[in-house]
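Q: Turn this into a structure:
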Amino acid sequence: MKIIDLTQMLDEHTPHWNCDCGFKLTSTFDEVSCVQFIDAPAGIGTHMDAPYHFFSDNISIDQINVENFLGPACVIDVHHKAHDEYLISKQDILDFENKHGMIEPNTIILAFTGWDKHWGEPDKYRAEKSEQQRAFPGFSTESIDYLLTKDIKGIGIDTLSPDGSNIGFPVHKKVLSRGIYILENLCNLDKLPAKVQELISLPLKIKNGAEAPCRVIAKIK
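A: Numbers count the residues shown, from 1 in each chain. Predicted coordinates for the structure are as follows:
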């Protein structure tokens, strides 16, 4: 059994949706100990989006059933063809199923685009084509519609957002409206097999939280 950490490091260079960096750690030392304070958005680094993020009448981070934080995962590998406007297609999902078997209920879907290689390049990682459109890979709405027929627990991706270059956050809206969470800014998906025995994603338990930093690990054989 191997444990793979899929969590990005938080530091002063961490890219964020609205700026190049959204994380600040302040340390105070005295004769007894080091006390630290964090200044950061809730959706910083590797984090989880709860349905409440887009829907005020839906569940927040603290209300998600903890059983949904762990489960088997499928890794949709498109890194060899992903580019800054690439959207995972329904055919990509069908190709995965033809090769590795059907996606079972209660699975967590991970998109391996390889975009985490740009983590240290904020201008590239969070690039913009316009004020309304980003420039990194994501899911197509067609692929999401298909995945939502599979009774999945969650989706995750190694970019800032599963919407990628989509305009208007249609992927967020489709997924979160169904009470399903989203994991963003994952890494090390290249170290995973197509089917992962168990994925564990543990967000901070923030009351009424729309988003929360999350430690994500995978258990593989």
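
Q: Low-confidence ranges, this structure, go.
A: The chain contains residues with pLDDT under 70 at 19-20.

Q: Do a quick rundown of the helices in it.
A: 90-100, 122-125, 141-147, 170-176 (DSSP state H).

Q: ok, residue 104 touching residue 73?
A: No: judged on Cβ atoms under 8 Å, residue 104 makes no contact with residue 73 at a distance of 10.8 Å. Any C-beta I mention is one placed from the backbone N, CA and C, and that applies to glycine too.

Q: Any figure for the gap between residue 146 and residue 176?
A: Separation of residue 146 from residue 176 (Cβ to Cβ, to the nearest Å): 17 Å.

Q: Compare those two (neighbour count), which wins?
A: residue 176 (22 against 18; other Cβ atoms under 10 Å).

Q: Name the nearest residue to the more buried one, sequence neighbours excluded.
A: For residue 176, ignoring the flanking residues on the chain, the nearest one in space by Cβ to Cβ, 6 or more residues apart in numbering is residue 51 at 4.3 Å.

Q: Next, count neighbours for the one you found.
A: The local packing of residue 51 (other Cβ under 10 Å) involves 24 other residues.

Q: Next, the contact list for it, please.
A: By Cβ atoms under 8 Å, 6 or more residues apart in numbering, the contact set of residue 51 is 58-60, 176-181.

Q: Max pairwise distance over these: which two?
A: For these, the farthest-apart pair by Cβ to Cβ is 60 and 178; their separation is 15.5 Å.

Q: neighbour-wise, which of those two wins?
A: More crowded of residue 60 and residue 178, by other Cβ under 10 Å: residue 60, with 18 against 13.

Q: Please tell me I have it right and the more buried one contacts residue 209.
A: Yes: with contact defined as Cβ under 8 Å, residue 60 counts as touching residue 209 (5.2 Å).

Q: if I look at those two, which residues touch both of them?
A: Both residue 60 and residue 209 are contacted by 50, 52, under the criterion Cβ under 8 Å, 6+ apart.
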